[in-house]
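Undergrad: Coordinates only, no sequence provided:
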């Protein structure tokens, strides 16, 4: 007969502890990659009018943002506004848009952005670098909460109005 060596309490404890750590690590990986939703894409997304007849593509590369007329996944040679967004905090990064407001096919604001280049027909499309101010000089987005208008917060990609369809 073969003689079995007695297993020590410490070796059983170490094996059990390593097994527990391995299972806990697997559970954490499953939680982060399967259960939690994927974060929104803040660097390349599209805003559509509620009837989907108008589209603006927004592409951000570092501190440069392009607001492009139409449905694009890359920056075209024309029909865009190039912005410096280095002065915009992630908490305050919000875009407002109005579709077909009578004078323009779309009118967009990105507060605190600086225009670098305009390759867009400014008689048809309008862009603002500041929210309109109320009678006390306080910036507000009231103009963009009317029919055919809306705002979107880029920190959490939250759409605040039904007049904008966000595609990410």
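TA: Happy to help now that I have it. Since we're looking at a predicted model, the values are computed, not measured. Residues are numbered from 1 along each chain as shown.

Undergrad: C-alpha from now on. contacts and neighbour counts both.
TA: Fine.

Undergrad: Against residue 131, how distant is residue 139?
TA: With the distance defined as C-alpha to C-alpha, to the nearest Å, residue 139 ends up 5 Å from residue 131.

Undergrad: Compare neighbour counts for these two and give me the winner.
TA: residue 131 (20 against 13; other C-alpha atoms under 10 Å).

Undergrad: That one against residue 140, yeah?
TA: Yes. Counting by C-alpha atoms under 8 Å, residue 131 touches residue 140, with 5.8 Å between them.

Undergrad: mind checking the SS state of the spatially most central residue of the chain?
TA: The centroid of the chain falls nearest to residue 42 when counting by C-alpha atoms, centre = their mean (2.9 Å). Following DSSP: H, G, I helix; E, B strand; the rest coil, the label given to residue 42 is coil.

Undergrad: Skipping its backbone neighbours, what lies nearest it in space?
TA: Excluding the flanking residues, the one nearest residue 42 by C-alpha to C-alpha, 6 or more residues apart in numbering is residue 154, at 6.5 Å.

Undergrad: residues contacting that neighbour?
TA: 42, 90, 93, 94, 95 (C-alpha atoms under 8 Å, 6 or more residues apart in numbering).

Undergrad: And it, how far from residue 111?
TA: As judged by C-alpha to C-alpha, residue 154 and residue 111 stand 12 Å apart.

Undergrad: Give the residues shared as contacts by the two.
TA: With C-alpha under 8 Å, 6+ apart, residue 154 and residue 111 have common neighbours 93, 94, 95.

Undergrad: By pLDDT, rank the contacts of residue 154 and give me the bottom one.
TA: Across the contacts of residue 154, the bottom pLDDT score, 74, is held by residue 42.
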